[in-house]
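>>> only geometry, no sequence info:
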């Protein structure tokens with residue numbers, strides 16, 4: 001898998017648009033588009049490190065040198081918060097609790 005494909009995959013897993021990712025990185029949507037479509041293949045190392053930090057993976061994973069991403073098991077992203085599977089389960093339990101208190 002090419003570097004751009006990994007970036008696109010990670011961006012989509014984190015439910016980010018190209019615009020949102022560009023804003024986080026202090027760059028443009030066009031630059032993200034070029035990264036994801038492998039138009040720019042010599043991505044600066046500081047940008048790779050920044051992407052790795054945003055996505056919770058290693059720079060080696062983004063570069064394709066390591067198949068183990070060491071992802072922080074982020075399952076969902078909402079309003080600038082990353083939630084793990086365990087946290088999502090707790091949210092679901094709380095939702096069920098709140099709904100159970102409704103009068104039928």
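Received, thanks. Being a predicted model, the structure only gives us computed values, none of them experimental.
>>> now the residue nearest the centre of the chain: how far from residue 98?
The residue lying closest to the centre of the chain (Cα atoms, centre = their mean) is residue 14, at 3.4 Å. With distances taken as Cβ to Cβ, to the nearest Å, residue 14 is found 27 Å from residue 98. Placement of C-beta: from N, CA and C, glycine included.
>>> just residue 37 next, same as before
Distance check for residue 37 against residue 98: by Cβ to Cβ, it reads 44 Å.
>>> between those two, which one's more packed in?
Set residue 37 next to residue 98 and count neighbours by other Cβ atoms under 10 Å: residue 37 wins out with 13 against 9.
>>> so that one sits against residue 5, correct?
No. If you go by Cβ atoms under 8 Å, residue 37 and residue 5 don't touch, sitting 9.3 Å apart.
>>> now stretch 7-16: buried residues?
Buried residues in stretch 7-16, defined by neighbour count with 16 or more other Cβ atoms under 10 Å: 7-8, 10-11, 14, 16.
>>> and residue 39, which of the three is it?
Following DSSP: H, G, I helix; E, B strand; the rest coil, residue 39 is assigned to coil.
>>> what's the local residue count around it?
Counted with other Cβ under 10 Å, residue 39 comes out at 11.
>>> do you know the pLDDT at it?
Residue 39 carries a pLDDT score of 95 in this model.
>>> how far away is it from residue 95?
For residue 39 relative to residue 95 (Cβ to Cβ), the value is 43 Å.
>>> which helix or strand lies directly C-terminal to the helix-or-strand element of the chain with minimal mean pLDDT?
Every helix and strand of the chain was ranked by mean pLDDT, DSSP states H and E. The lowest is strand 74-78, at a mean of 56. Sequence order places strand 81-84 as the next helix or strand after strand 74-78, per DSSP states H and E.
>>> could you point out where this protein is predicted with low confidence?
In the predicted model of the chain, residues 68-79, 104 satisfy pLDDT under 70.
>>> switch to 80 and redo it
Counting by pLDDT under 80, the chain contains low-confidence ranges at 66-89, 103-104.
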